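S.K.: Predicted model and sequence follow; I will ask about them next.
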Amino acid sequence: MRNRIVAITGASRGIGAACAEVFAAAGARVALLARSGDEVQALADRIGPAALALPCDVGDAAAVQHAVDRVVAWGGRLDVLVNNAGVIDPIARLSDADPDAFARAVQINLNGVFFGMRAAIPVMRAQGAGTIITVSSGAAHNPLEGWGAYCSAKAGAAMLTRVAHLEEAGNGLRIMGLSPGTVATDMQVKIKASGINPVSQLDPGVHIPADWPARALLWMCGPGADDWLGKEISLRDEAIRRAAGLI
């Protein structure tokens with residue numbers, strides 16, 4: 001990954017922040033996109049000159065395009081895009097969910113993935129190479145009470161990833177998804193506090209650390225993950241954990 005240019009959305013905390021540190025440690029130059037400008041700048045300062053902080057709302061198509069343009073101007077190319085940004089809110093049954101909050105969740109969790117792909121694909125296609133990874137969820141494939149917005153948007157993003165692979169594999173792009181399982185992040189704190197559905201009842205000790213999916217994402221950028229192009233890798237699979245060097 002030395003001197004590869006990697007853009008990560010939702011990079012201010014959780015999986016995104018861990019991903020920034022893991023990729024930078026592997027020699028990559030990392031562009032950190034997040035709404036939390038101060039937090040993402042603090043992370044970039046810790047990483048050093050190999051990091052660029054870019055305040056960006058992934059739910060805004062123009063903002064994402066502007067951010068990718070800045071990444072290319074900074075690094076000269078774009079080798080990897082990690083579509084990680086996501087929100088769990090609103091946690092509510094469909095009959096009680098606020099329509100604006102529901103739409104905002106879809107805007108970030110689904111449209112944000114599309115906006116990232118739309119901006120990155122032409123750059124990577126012109127290079128003849130590039131990797132795009134969508135951070136997915138088991139919720140993309142299993143309905144959960146109170147998570148109507150999250151499940152629906154993640155399901156859409158999973159299919160969007162498959163479509164992108166279908167369209168762009170012939171142009172040299174590597175596109176796939178990662179379902180990390182339950183991860184010890186701020187999102188799990190919100191889920192626990194909601195008390196809704198079985199996920200909120202999990203003991204916090206069962207959640208994996210954020211550096212596990214980050215290290216898996218790094219592994220996915222290499223040829224070891226080529227058998228999963230166009231598919232979704234699950235960290236629940238022990239064979240995958242071993243292949244990625246997690247256990």
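M.R.: Nice, thanks for sending it over. Please read these numbers as outputs of a predicted model, since none were measured by experiment.
S.K.: all contacts plus neighbour counts: C-alpha atoms, from now on.
M.R.: Will do.
S.K.: which helices and strands sit right next to the one helix or strand A67 maps to?
M.R.: Secondary structure from DSSP states H and E places A67 in helix 61-75. Helix 61-75 is packed against strand 5-9, strand 29-34, helix 112-127, with contacts defined by 3 or more Cα pairs under 8 Å, 6 or more residues apart in numbering; DSSP states H and E.
S.K.: The same query, at a cut-off of 7 Å, please.
M.R.: If you count contacts as 3 or more Cα pairs under 7 Å, 6 or more residues apart in numbering; DSSP states H and E, helix 61-75 packs onto helix 112-127.
S.K.: The protein: helices as residue ranges?
M.R.: 14-25, 37-47, 61-75, 99-106, 112-127, 148-168, 186-194, 211-220, 238-243 (DSSP state H).
S.K.: quick one: contacts of the fifth one?
M.R.: For helix 112-127, contacts defined as Cα atoms under 7 Å, 6 or more residues apart in numbering pick out V58, G59, A61, V64, Q65, V68, L78, N83, G130, A157, N171, L173.
S.K.: Determine which two of these are furthest apart.
M.R.: G59 and N171 (26.8 Å; Cα to Cα).
S.K.: Look up how far K190 lies from the residue of the chain positioned farthest from its centre.
M.R.: Ranked by distance from the centre of the chain (Cα atoms, centre = their mean), the top residue is S95, with 28.9 Å. To K190, S95 is 20 Å away according to Cα to Cα, to the nearest Å.
S.K.: Excluding chain neighbours, what is closest to A157?
M.R.: Of all residues not flanking A157 in the chain, L110 sits nearest, at 5.2 Å (Cα to Cα, 6 or more residues apart in numbering).
S.K.: The lowest-mean-pLDDT helix or strand in the chain relative to helix 14-25, how many degrees between them?
M.R.: Least confident element among the helices and strands of the chain, by mean pLDDT, DSSP states H and E: helix 186-194 (a mean of 87). Orientation check (axes from the mean of the first three to the mean of the last three Cα atoms, to 10 degrees): helix 186-194 against helix 14-25 gives 160 degrees.
S.K.: where's helix 186-194 relative to the chain centroid, distance-wise?
M.R.: Relative to its parent chain, helix 186-194 has a centroid offset of 19 Å by Cα atoms, centre = their mean, to the nearest Å.
S.K.: Pull out the buried positions in that helix.
M.R.: By 16 or more other Cα atoms under 10 Å, the buried positions in helix 186-194 come out as Q188, I191, K192.
S.K.: any idea which of the residues you listed is closest to N3?
M.R.: Q188 (33.3 Å).
S.K.: mind checking how far the residue most central in space within the chain is from R35?
M.R.: Nearest residue to the geometric centre of the chain (Cα atoms, centre = their mean): N84, 1.6 Å. Between N84 and R35 the computed distance is 13 Å (Cα to Cα).
S.K.: OK, contacts around I8?
M.R.: By Cα under 7 Å, 6+ apart, the neighbours of I8 are G16, A31, L32, L33, L81, V82, N83, N84.
S.K.: With pLDDT and distance to S179 as added columns, please give the residues you listed in a markdown table.
M.R.: A markdown table is the format used below for the contacts of I8 (pLDDT from 0 to 100; distance: Cα to Cα, whole Å):
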| residue | pLDDT | distance to S179 |
| --- | --- | --- |
| G16 | 96 | 14 |
| A31 | 98 | 22 |
| L32 | 98 | 21 |
| L33 | 98 | 21 |
| L81 | 98 | 16 |
| V82 | 98 | 13 |
| N83 | 98 | 12 |
| N84 | 97 | 11 |
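S.K.: Could you turn the buried ones of these into a ChimeraX selection?
M.R.: Buried members of the contacts of I8, defined by 16+ other Cα under 10 Å, are picked up in ChimeraX with:
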select :16,31,32,33,81,82,83,84
